[in-house]
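Asker: dropping the sequence and predicted coords here.
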Amino acid sequence: MRATGFMLRLRSLTCSLSAAVFLALILVSVGGASPSPMELLTSGHVDELVRDLQQQIVRSPHDSAADNMLCRAYFMMEEWDRGIAACESAVNLDPQNSSYYLWLGRVYGEKADRSGFLSAPGLAKKSRAAFERAVELDPKNVEARVDLGEFYAEAPGIIGGGKDKSYRQAEELMPLNPAMAHWVLARIAEKEKDPAKAEREYRAEIAASNSGVRGWVDLANFFMYARRYQEMEESLQHAENAPIDHPESLMHAGNLLLRAQRDYPLGVRLVRRYLANRLCEEGPAFKAHTILGELLEKTGDQQGAAQEFRAALALFHDYPRAKDDLKRIGRS
């Protein structure tokens, strides 16, 4: 959940039908209309999506929407170089689209986070420039302002970071999305090493979201890094029954418990709640199935774990984490 170095968290608000409903859609579409690219994207069917988009781009090489969608698919798959190429193509084809610059900034940021000290600063500057352009093109683009605010809070001044800049983004966000404004303020407080203020801002995020799932998971994430594990679990217990404002946060909650090695059954329930509701681009189904499988494995349910790993690989056949998990438990 937490951004580290130059890594910028994806915050897509696009959600789809539940996994079960989407499967039914695919079954009834045999011989009829196929699922749309957006349905494939939000449900995490990246194998099928990438194939279809590559064919679409061959047929229509000036289709900026297909390039952007392909970039987002590669983002899911953590194939940063391919994602950069696709996103740059989308921006070149439609340089007035705020959303395209947002995704370009995100993929530059992820690539920067995984690059050496010589190339990372240049990529990070490109990420910042793309986010700034996204906000310039659409000042009401909440996701772009959140990502830009996070960049300013996290990055050193030499590449364009700065807490004053981050505070300005939080101010601009407050009338647009108060919960996310408080989230940015919490991140600034953490960078300022003021945990008491950070906790207040995370709790303000919860209040502004009417006690939604995401706020509780963000607070739990804060507690985990502070090694306040009991409070982390209590926050996630609230998330189990909270209104689902950001469905993908349920997946992240399960992963938090996995990383903290705490209350695996609660983690199982949280991820299953996600898979039973709306799937989101930020929470690809193949990742959710893999996390669920790892949680089940920790509870001793090897058969259930193997089923989840296979479900992940059915969506993304080359997903390294699921492949390694399935091999580890000897059920390949």
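Answerer: Thanks, I have it.
Asker: got the CA coordinates for stretch 238-247 in CSV?
Answerer: This file holds the C-alpha atoms of stretch 238-247, laid out as CSV (Å, rounded to 0.1, in the frame of the first residue of the first chain):
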residue,chain,number,x,y,z
HIS,A,238,-13.6,-2.3,10.9
ALA,A,239,-12.8,-2.6,7.2
GLU,A,240,-14.4,-6.0,7.1
ASN,A,241,-17.9,-4.5,7.5
ALA,A,242,-17.3,-0.9,6.3
PRO,A,243,-19.1,0.5,3.3
ILE,A,244,-17.1,-0.4,0.1
ASP,A,245,-16.0,2.9,-1.3
HIS,A,246,-12.7,1.6,-2.9
PRO,A,247,-13.2,-2.2,-3.3
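Asker: show me where the stretch 151-300 of the chain dips below the pLDDT cut-off.
Answerer: Within the stretch 151-300 of the chain, no stretch has pLDDT under 70.
Asker: can you give me the strands in it?
Answerer: All residues of the stretch 151-300 of the chain lie outside strands when identified by DSSP state E, counting those that start in this stretch.
Asker: so for the residue nearest to the spatial centre of the chain, what's the nearest residue that isn't a sequence neighbour?
Answerer: Residue closest to the mean C-alpha point of the chain, counted by CA atoms, centre = their mean, is E282 at 3.5 Å. In space, not counting the residues next to it along the chain, E282 is nearest to E248; the distance is 4.1 Å by CB to CB, 6 or more residues apart in numbering. Heads up, the C-betas are built off the backbone N, CA and C, glycines and all.
Asker: kindly report the same for D218.
Answerer: Across the structure, with CB to CB, 6+ apart as the measure, the residue nearest D218 apart from its sequence neighbours is Y202 (5.6 Å).
Asker: that older thread, spit out the contact partners of the residue nearest to E282.
Answerer: Contacts for E248 were tallied using CB atoms under 8 Å, 6 or more residues apart in numbering; they are Y274, C280, E281, E282, G283.
Asker: show the buried residues in these.
Answerer: Judged by neighbour count, with 16 or more other CB atoms under 10 Å as the criterion, the buried members of the contacts of E248 are Y274, C280, E281, E282, G283.
Asker: pull the most distant pair out of the residues you listed.
Answerer: Y274 and E281 (13.0 Å; CB to CB).
Asker: and the residue lying closest to T299 once chain neighbours are set aside, what does it touch?
Answerer: If you skip the residues right next to it in sequence, T299 has Y264 as its closest partner in space, 5.1 Å away by CB to CB, 6+ apart. Under the criterion of CB under 8 Å, 6+ apart, the contact list for Y264 reads L257, L258, L295, K298, T299.
Asker: what's the top helix by length along the chain packed up against?
Answerer: Among the elements of the chain assigned as helix by DSSP state H, the one spanning the most residues is helix 120-137. Under the contact definition 3 or more CB pairs under 8 Å, 6 or more residues apart in numbering; DSSP states H and E, helix 120-137 sits against helix 98-113, helix 142-154.
Asker: so what touches that helix?
Answerer: Contacting residues not belonging to helix 120-137 are listed as 5-6, 8, 91, 96-99, 101-102, 104-106, 108-109, 111-113, 115, 141, 144-145, 147-148, 151, 155, 158-161 [CB under 8 Å, 6+ apart].
Asker: before we move on, what about stretch 43-61?
Answerer: Stretch 43-61 is contacted from outside by 16-17, 19, 22, 35, 37, 40-41, 63, 66-67, 69-70, 73-74, 76-77, 279, 284-288, 315-317, using CB under 8 Å, 6+ apart.
Asker: in helices only, show me these.
Answerer: Filtering these for helices - DSSP H - leaves 19, 22, 37, 40-41, 66-67, 69-70, 73-74, 76-77, 285-288, 315.
Asker: give the ChimeraX command for selecting the buried subset of those.
Answerer: For the buried members of the ones in helices among the contacts of stretch 43-61, the matching ChimeraX selection, counting by 16+ other CB under 10 Å, is:
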select :19,22,37,40,41,66,67,69,70,73,74,76,77,285,286,287,288,315
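Asker: residue contacts, S211?
Answerer: Contacts for S211 (CB under 8 Å, 6+ apart) come out as H238, A242, P243.
Asker: residues in contact with stretch 159-168: which ones?
Answerer: Stretch 159-168 has contacts (CB under 8 Å, 6+ apart) with 121, 124-125, 128, 149-155, 184-185, 187-188, 191-192.
Asker: 7 Å - rerun?
Answerer: Outside stretch 159-168, the residues within contact range by CB atoms under 7 Å, 6 or more residues apart in numbering are 121, 124-125, 128, 149, 151-155, 184, 188, 191.
Asker: need the contact list for Y319.
Answerer: Contact partners of Y319, counting by CB under 7 Å, 6+ apart, are F286, T290, A312, L313.
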